[in-house]
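K.L.:
Pasting the sequence and the predicted model now:
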Amino acid sequence: MGLLRFFPEEIESDFLQIGIDIHDWWNRTRDKHGRLKLSSRRLMVLLVGLRETSQFKTMYRDDWDDGKYLLASILNEIRIMRADNVAIHSSEKMEPVLMKSPSQCRLELDKEKNSASMRGGILAQLHGGAIPLMPVLEE
């Protein structure tokens, strides 16, 4: 679910406004009948069905102005400096989480989709057009 990685606050806010807790998806919370409260399929249906003016769809569709790009670049520099400081003064490795604009997120999602599609095509060719679910062991 790449969208949740790039737009977590917007999705959570939009869902809370309609009475859905994204926590139920992350934790695979089940109802009294043992069914998932929020399945991945339902999550996608809810995302598609959000109003065009929702925070998620606005961020996904639009991009930042110059001021937001400037603030994000300053924040990213601070995060990189903090990671460098940790690396210099301890044996720990800290990977900075950089803030990305909606257009950068869309570009990264498109790259992931293309990579997954290419991997699927290669696997299909390697397995004669079908990807086996379980390897067949010969005795």
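P.N.:
Yep, that arrived.
K.L.:
all helices in this structure, in order from the N-terminus.
P.N.:
2-6, 8-17, 23-26, 40-49, 55-61, 66-89, 102-126 (DSSP state H).
K.L.:
how about the ones you listed in CSV, adding mean neighbour count and mean pLDDT?
P.N.:
For every residue, glycine as well, the C-beta is placed using N, CA and C. As requested, the helices of the chain are exported to CSV (neighbours: other Cβ atoms under 10 Å; pLDDT from 0 to 100):
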stretch, mean neighbour count, mean pLDDT
helix 2-6, 16, 80
helix 8-17, 17, 93
helix 23-26, 16, 93
helix 40-49, 13, 93
helix 55-61, 17, 85
helix 66-89, 12, 92
helix 102-126, 12, 83
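K.L.:
which stretch among the ones you listed comes nearest residue 95?
P.N.:
Judged by Cβ to Cβ, the one of the helices of the chain that comes nearest to residue 95 is helix 66-89, at 6.8 Å.
K.L.:
Next, the contact list for residue 75, please.
P.N.:
By Cβ atoms under 8 Å, 6 or more residues apart in numbering, the residues touching residue 75 are residue 99.
K.L.:
ok, it to residue 117 distance?
P.N.:
33 Å (Cβ to Cβ, to the nearest Å).
K.L.:
re the thing from before, looking at the helices of the chain, which is closest to residue 96?
P.N.:
Smallest distance to residue 96 across those (Cβ to Cβ): 3.9 Å, for helix 66-89.
K.L.:
how distant is that closest one from the center of its chain?
P.N.:
In terms of Cα atoms, centre = their mean, to the nearest Å, the gap separating the centre of helix 66-89 from the centre of its chain is 21 Å.
K.L.:
Show me what stretch 103-114 is in contact with.
P.N.:
Outside stretch 103-114, the residues that touch it by Cβ under 8 Å, 6+ apart are 2, 3, 6, 7, 60, 63, 64, 100.
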